[in-house]
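*Asks:* predicted model, plus sequence, below.
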Amino acid sequence: MTITCADCAATQVIPPLPLGAVAVCRRCRRFLARHSRMGFELTLACAMAICILLPSAVLLPVMDSTIRKLGFIESRLVSSVPVIYTEVWFPLAFGVLLFAFLLPAFRALFQVIALGSLRWGWRIWQPGRIFRWSEQLASWSMPDVVVIAGVVAYFRASAPTVVEAGVGAWCYLAVAILALIGDRSLDRRAVWNAILPDATSLPDGHVASCDVCEMAAISRRPGDRCPRCGHTLDRDIAPRFAPALAAVAVAIPLCVPAFTAAIIVNDNLTGVWQHTFLGTVELLADRGYWQYGVVVVATGVVIPALELIGLIWMLAKVRFPSTRGLVTRTRLYRVLQRLARWPMIILFIAAIDAPIVDVRGIRDLVAGPGATPLFLVIALLMLAMAFFKPRLMWEAAGEVA
Ligand SMILES: [Zn+2]
Ligand SMILES: [Zn+2]
């Protein structure tokens with residue numbers, strides 16, 4: 001099959017692979033194909049299970065908490081969004097609604113439609129386009145991040161509060177595990193080839209290619225729609241440089257308030273507590289949960305710092321191109337892109353904690369002055385990662401035909 005690498009735009013012919021073999025791009029080492037027996041049936045089953053379980057995870061009780069026998073709260077995800085909206089801070093409520101429920105639900109639904117149509121031969125409108133949507137939602141649907149945040153929030157809240165995980169929490173855990181299994185077992189090349197097979201031979205000269213499904217579309221012109229997934233062929237990515245640069249430039253000064261000001265202000269019976277970023281880590285460590293403190297530092301400080309440095313380096317190399325280290329930078333981008341969603345964990349911890357420990361007059365949580373900058377820094381870095389494409393560096397270095 002003929003595949004055009006999405007990262008470096010090299011068109012290459014891949015011979016039929018023996019079972020278990022993996023094909024990587026000859027230029028930038030991007031993973032291109034694997035011959036596995038799995039196909040997409042397991043992913044389809046997982047996606048169907050998610051569609052069934054996600055409503056229960058949202059509607060059933062997630063945590064029961066008793067605060068020093070003074071109050072009893074049963075929190076459900078469906079009711080926690082308005083609590084976060086009114087009590088804590090509205091961007092967080094949208095973030096939780098979107099990344100924790102809506103996008104995972106849409107992703108699973110698109111997978112069921114696209115893969116189901118291939119499995120049972122339903123005649124539907126453009127399965128390739130629907131499968132592309134499900135793939136593009138992958139980094140924005142975050143049940144795994146929410147689960148880890150839930151574990152940290154549980155231990156953070158459990159010292160003054162007796163917290164018990166409810167049915168909803170177990171359903172959500174199942175959703176996250178199913179999403180992980182479905183993602184890992186999916187043979188994407190098999191799905192694309194089932195929708196429309198890749199060309200078997202490499203024609204002479206330049207071929208217009210799709211940078212989502214990596215199809216080399218022979219007999220199509222640049223700017224046409226991809227015959228398989230409907231994306232633009234040979235998409236012009238040069239205009240993506242400016243927004244990526246702008247997002248990084250705005251994120252840098254925001255880091256100061258994000259990491260020094262209080263994220264959560266806690267109006268306690270005994271006084272007002274302010275939780276800064278590092279204060280939360282200290283609190284976890286003091287209670288003996290130092291391992292969760294490590295999780296918070298790694299995801300909240302180390303990853304954003306790496307992303308910022310990496311993005312500045314890669315953006316600089318688009319402006320001042322060189323062919324040396326192109327492969328290294330491309331591989332760095334792939335690692336950073338995979339990590340970009342994890343800093344969101346900090347906000348999910350705050351979001352999950354808020355309804356658990358929120359008893360008016362006893363423990364009242366509100367967002368501190370650091371919350372908005374922190375949310376913006378994380379969102380801007382995710383956006384910069386989404387705008388930036390490694391192909392910018394390859395084009396700038398004159399390596400793309
Ligand atoms: Zn490549
Ligand atoms: Zn395509």
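*Replies:* Ah, there it is. Ligands and ions are numbered 1, 2, ... in the order given.
*Asks:* all helices of the stretch 1-150 of the chain, in order?
*Replies:* Ranges of helices within the stretch 1-150 of the chain are 41-59, 77-83, 90-95, 103-120, 127-136, 143-157, based on DSSP state H, counting those that start in this stretch.
*Asks:* excluding residues flanking it in the chain, which one is nearest the spatially most central residue of the chain?
*Replies:* Central residue of the chain (C-alpha atoms, centre = their mean): residue 139, 2.8 Å from the mean position. The shortest distance from residue 139 to any non-neighbouring residue, by C-beta to C-beta, 6 or more residues apart in numbering, is to residue 341 (5.8 Å). (Each C-beta comes from the backbone N, C-alpha and C, glycine too.)
*Asks:* and that neighbour, how many neighbours does it have?
*Replies:* 21 (other C-beta atoms under 10 Å).
*Asks:* what's the answer for the one 5 residues further on, then?
*Replies:* Around residue 346 there are 24 other residues, counting by other C-beta under 10 Å.
*Asks:* wait, it touches residue 377, no?
*Replies:* No. Residue 346 sits out of contact with residue 377 when judged by C-beta atoms under 8 Å, with a separation of 10.2 Å.
*Asks:* circling back: how near is the residue nearest to the centre of the chain to ligand 2?
*Replies:* 18 Å (C-beta to the ion, to the nearest Å).
*Asks:* go on, residue 46?
*Replies:* For residue 46, the distance to ligand 2 equals 24 Å [C-beta to the ion].
*Asks:* quick check: that residue touching residue 176?
*Replies:* No. Contact between residue 46 and residue 176 fails when scored by C-beta under 8 Å: they sit 11.0 Å apart.
*Asks:* any low-confidence regions in the stretch 101-250 of the chain?
*Replies:* 156-162 (pLDDT under 70).
*Asks:* dump the residue contacts of the residue of it found nearest ligand 1.
*Replies:* Nearest to ligand 1, among the residues of the stretch 101-250 of the chain, is residue 214, at 9.5 Å (C-beta to the ion). Going by C-beta atoms under 8 Å, 6 or more residues apart in numbering, residue 214 touches 3-6, 32, 192.
*Asks:* if you set the cut-off to 6 Å instead, what comes out?
*Replies:* 3-4, 6 (C-beta atoms under 6 Å, 6 or more residues apart in numbering).
*Asks:* so which of those residues is the closest to ligand 1?
*Replies:* residue 6 (7.6 Å).
*Asks:* burial measure for that closest one, as a count.
*Replies:* Residues lying near residue 6 (other C-beta under 10 Å) number 19.
*Asks:* got the domain boundaries for the protein?
*Replies:* Domain ranges of the chain: 1-37+196-235, 38-195+236-396, per automatic domain parsing.
*Asks:* tell me how far the nearest residue to residue 48 once chain neighbours are set aside lies from residue 124.
*Replies:* Spatial nearest neighbour of residue 48, excluding adjacent residues (C-beta to C-beta, 6+ apart): residue 112 at 5.6 Å. Distance of residue 112 to residue 124, given as C-beta to C-beta, to the nearest Å: 11 Å.
*Asks:* ok, now residue 342?
*Replies:* In terms of C-beta to C-beta, residue 342 sits 35 Å off from residue 124.
*Asks:* which bits of the chain sit near ligand 2?
*Replies:* With C-beta under 5 Å from the ion as the criterion, the chain meets ligand 2 at residues 210, 212-213, 215, 226, 228-229, 231.
*Asks:* in JSON lines: those residues, plus neighbour count and secondary structure.
*Replies:* Shown next, in JSON lines, are these (neighbours: other C-beta atoms under 10 Å; DSSP: H, G, I helix; E, B strand; the rest coil):
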{"residue": "210", "neighbour count": "27", "secondary structure": "coil"}
{"residue": "212", "neighbour count": "19", "secondary structure": "coil"}
{"residue": "213", "neighbour count": "28", "secondary structure": "coil"}
{"residue": "215", "neighbour count": "30", "secondary structure": "strand"}
{"residue": "226", "neighbour count": "25", "secondary structure": "coil"}
{"residue": "228", "neighbour count": "24", "secondary structure": "coil"}
{"residue": "229", "neighbour count": "24", "secondary structure": "coil"}
{"residue": "231", "neighbour count": "17", "secondary structure": "coil"}
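*Asks:* all good on my end, thank you.
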